[in-house]
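Engineer: mind looking at a prediction? Sequence and model below.
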Amino acid sequence: MFANSVSVILLGIVISVPALLLLIWAFKHRQFDDLNESSMVIFDEEELRYARPWEKPEQVQERLAHYGSPLPNALPEWRKWL
Amino acid sequence: MSQDPAHPDPAHPDPAHPTGHFRHHPVREATQRDSAIDHSKVRVSVIDTARFDASSRAPVLLGFLLGILWLLQGSLLGDLTSFKFDWPDLLSAQEYLTFGRVRPAHLNMMVYGWASSAMFAVSLWLMPRLCRTPLRWPGTAMAGIIIWNIGVFLGVALLLTGVGDGLEWLEMDRRLADPLLILGAALVGASIWRTLADRKVRHLYVSVWYVAASYPWLVIIFIAGNLPIYEGVESAAVNWFYAHNALGLWLTTINLGLIYFLLPKIIGRPIYSYWLSLVGFWGLALFYSLNGMHHLIGGPMPSWMIATSITASIMMVIPVLAVGINQHMTITGRFGAMRYSPALTFIVLAAMSYTAVSLQGILTALVNVNRITHFTHWTIAHSHLGVYMFVTMSLFGGIYYIMPRLIGREWPSANLIRAHFLLVGGGMVLYVVALGIGGVLQGLDMLDAAKPFEASVTAAKPWLLARSVAAVLITLGHFVFAYHAYVLYSLSKTDVVPQPPFFFIRPVLVKNIK
């Protein structure tokens, strides 16, 4: 059954076992706590306050409620559309 | 670093928030406790972001430049390869332009030249932003990109002269070209991991997991695949172990990392479920590696290997659906944003294609489906759905987003962006549909014992011609894109100017706005 199989088994272990160890490391270092809050780290300061022209009125209200009044956009070509 | 709006200075209340909404901004104490520095203080200013971008500017632009050059050359060779199905004697008098050399040269140019060079650039741009620190060892990263590209050049040149290893996705010469590729990837990876080690945040965003893991995985599988120690069945098994993992643990991972960054960033809301995004990553990391042997169904392989591979392939439903549902729920209700942002348009198309190609791959791994599609053009349609509709579209989206931030200028022409999108998008839909249909017809004819082999060729012929038309459209799109990138670069500012986050988003598909 294991003829011609040794290399593939070894390679599978080499790829997957470090991933398993990293998963344990991540749990130990509490990488999975407060996940939803962690998803915010990609945004710069005030970034979520900029109005998006495609948003529906209820989405604009949602943004207003969560992040405060919108900031004006600096790009001149956008001004006529915002 | 700047003060977080969730904790405003009481001495200077924000006049824009009389109701105090910012006080409920979702940053909790537990997250702060787990960080090297408080999460409440890691929201960076646009000045910091510009500083991070400036640190990676040179290697990122180099990666994009070399990648785009490979994209043009690889496209032309792809067209020639396609034409040879329609006119088999085309340019067959010159040995270096015969199908057996041009086809692997096209594949290697696109995978290792275009996609990998652009992915180096994307990784080097993402990591400083996500680790909140300037890129470490940028010179090492640049040297890595150059060495990698010299390796690709050597490998492709040798392929065209008839020197190659003859293994799928590992055609380049293992003595002259491959060591350069390994060294190049290791150097870029060293810069990535050094930046990761110096990160200013303790929590690793999901894109960091994807990008950082990709480099050791690439180096390991590439070395393993190229070792000259395998024979017979074992050689075939290791070959497909490499080829499938090159897709799943290199091309896929970097681009999913990019999508998880850009999708929420552009539409301006966090990812729908961060937990699902981690399920997607860990599912891939733990279960993907044995998928590849499903390419050898029907071959003289140990039965456990095929069974395990099919099982692993089916298990991929979990991470694939996790990613697909998460990305869909993030963008849902905001698809209109695609009309405004070319980067988002390409990124969303790529995200959808990832789900589609993964589900198609799982179906193709089933024995009953594989019996029809194996050894047919269906496989080529499938691989282009993955490497082009997912990987290349994602990289186009990344370039549309990243380059203006490094150049300091917006893309000059909305019309050129529109032409690029319509040519490559339309061309690739035609490509995948035509070859998919042609492949199934070809497979059914090959399975019919009453029909001669020639019937399968005749059945596929019109679909191959449609593929050639599609290939020409796609190549035209690439030249439009390359010209536009050149014009943008020629307008480059030398100084890096911090801009508001919502600055470089060009309204591309919007014509009549009230």
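Structural biologist: Received the coordinates, thanks. Numbering: from 1, shown residues only, chains lettered A, B, ... in the order given.

Engineer: helix or strand with the lowest mean pLDDT in chain A?
Structural biologist: helix A:76-79 (a mean of 48; mean pLDDT, DSSP states H and E).

Engineer: in the lengthiest helix in chain A, what counts as buried?
Structural biologist: What stands out as the longest helix in chain A, according to DSSP state H, is helix A:6-28. If you call a residue buried by 16 or more other CB atoms under 10 Å in any protein chain shown, then helix A:6-28 has these buried ones: A:7-8, A:11-12, A:15-16, A:19, A:22-23. C-beta coordinates here come from the backbone N, C-alpha and C atoms, glycine included.

Engineer: and residue B:55, how many neighbours?
Structural biologist: 20 (other CB atoms under 10 Å in any protein chain shown).

Engineer: same deal with residue B:76?
Structural biologist: 17.

Engineer: quick check, stretch A:55-65 touching chain B?
Structural biologist: Yes - for stretch A:55-65 and chain B, the contact criterion (CB under 8 Å from any CB of the partner chain) is met by A:55-56, A:59, A:63-65.

Engineer: which of those residues count as buried?
Structural biologist: A:55, A:59, A:63-64.

Engineer: got a markdown table for those residues, with secondary structure and pLDDT too?
Structural biologist: Below are these laid out as a markdown table (DSSP: H, G, I helix; E, B strand; the rest coil; pLDDT from 0 to 100):
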| residue | secondary structure | pLDDT |
| --- | --- | --- |
| A:55 | coil | 84 |
| A:59 | helix | 88 |
| A:63 | helix | 86 |
| A:64 | helix | 87 |
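
Engineer: list just the nearest of those to residue A:29.
Structural biologist: Distance to residue A:29, by CB to CB, is smallest for residue A:63 among these, at 33.0 Å.

Engineer: identify the residues contacting that closest one.
Structural biologist: A:48-49, A:51-52, A:55, A:70, B:268 (CB atoms under 8 Å, 6 or more residues apart in numbering or on different chains).

Engineer: where's the dip in pLDDT among those residues?
Structural biologist: Within these, pLDDT reaches its minimum at residue A:51, with 75.

Engineer: hmm, that residue is touching residue A:59, no?
Structural biologist: No - look at residue A:51 against residue A:59 with CB atoms under 8 Å: they stay out of range, at 10.3 Å.

Engineer: burial check on residue B:442, number of neighbours?
Structural biologist: 26.

Engineer: distance check, it against chain A.
Structural biologist: Counting by CB to the nearest CB, to the nearest Å, the gap from residue B:442 to chain A is 30 Å.

Engineer: for residue B:160, same thing?
Structural biologist: Taken as CB to the nearest CB, the span from residue B:160 to chain A is 31 Å.

Engineer: which non-adjacent residue is nearest that residue?
Structural biologist: Nearest residue to residue B:160, sequence neighbours excluded (CB to CB, 6 or more residues apart in numbering or on different chains): residue B:96, at 4.5 Å.

Engineer: burial measure for residue B:257, as a count.
Structural biologist: 28.

Engineer: for the nearest residue to it once chain neighbours are set aside, phi and psi?
Structural biologist: In this structure, residue B:257 finds its nearest non-sequential neighbour in residue B:210, 3.4 Å apart by CB to CB, 6+ apart. Dihedral pair for residue B:210: phi -60, psi -50, per degrees, to the nearest 10.

Engineer: isn't residue B:210 right up against residue B:251?
Structural biologist: No - when contacts are counted by CB under 8 Å, residue B:210 is not listed as touching residue B:251 (11.5 Å).

Engineer: these two: which is more packed in?
Structural biologist: residue B:210 (27 against 24).

Engineer: if I look at the more buried one, how far off is residue B:256?
Structural biologist: 5 Å (CB to CB, to the nearest Å).

Engineer: for the longest helix of chain A, packing partners?
Structural biologist: helix B:206-226, helix B:232-246, helix B:274-287 (3 or more CB pairs under 8 Å, 6 or more residues apart in numbering or on different chains; DSSP states H and E).

Engineer: still on that earlier bit, distance to residue B:298 for the buried ones among the residues of stretch A:55-65 next to chain B - can I get that in a markdown table?
Structural biologist: Below are those laid out as a markdown table (distance: CB to CB, whole Å):
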| residue | distance to residue B:298 |
| --- | --- |
| A:55 | 52 |
| A:59 | 52 |
| A:63 | 55 |
| A:64 | 60 |
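
Engineer: now check the helix or strand harbouring residue B:401, is it near chain A?
Structural biologist: For residue B:401, the element it lies in under DSSP states H and E is helix B:393-407. No - residues of helix B:393-407 contacting chain A under CB under 8 Å from any CB: none, with a closest distance of 11.2 Å.

Engineer: name the helices or strands packed onto that helix?
Structural biologist: Against helix B:393-407 (3+ CB pairs under 8 Å, 6+ apart) you get helix B:46-86, helix B:116-131, helix B:252-267, helix B:342-365, helix B:414-447, helix B:453-490.

Engineer: pLDDT below threshold where in chain B?
Structural biologist: B:1-42, B:492-514 (pLDDT under 70).

Engineer: domains of it?
Structural biologist: B:56-202, B:335-514 (automatic domain parsing).

Engineer: which positions within stretch B:170-184 qualify as buried?
Structural biologist: B:170-174, B:177-178, B:180-184.

Engineer: pull the CA atoms of it into PDB?
Structural biologist: Provided in PDB are the C-alpha atoms of stretch B:170-184 (Å, rounded to 0.1, in the frame of the first residue of the first chain):
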ATOM      1  CA  LEU B 170       8.500  22.500 -13.200                       C
ATOM      2  CA  GLU B 171       9.800  22.700 -16.800                       C
ATOM      3  CA  MET B 172      12.600  25.200 -16.100                       C
ATOM      4  CA  ASP B 173      16.100  23.700 -15.800                       C
ATOM      5  CA  ARG B 174      16.800  22.500 -12.300                       C
ATOM      6  CA  ARG B 175      20.500  23.100 -12.400                       C
ATOM      7  CA  LEU B 176      20.700  26.600 -13.900                       C
ATOM      8  CA  ALA B 177      17.400  28.400 -13.400                       C
ATOM      9  CA  ASP B 178      15.700  26.900 -10.400                       C
ATOM     10  CA  PRO B 179      18.500  27.700  -7.800                       C
ATOM     11  CA  LEU B 180      18.100  31.300  -8.800                       C
ATOM     12  CA  LEU B 181      14.400  31.200  -8.200                       C
ATOM     13  CA  ILE B 182      14.800  29.600  -4.800                       C
ATOM     14  CA  LEU B 183      17.400  32.200  -3.800                       C
ATOM     15  CA  GLY B 184      15.200  35.000  -5.100                       C
END
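
Engineer: good, wrapping up.
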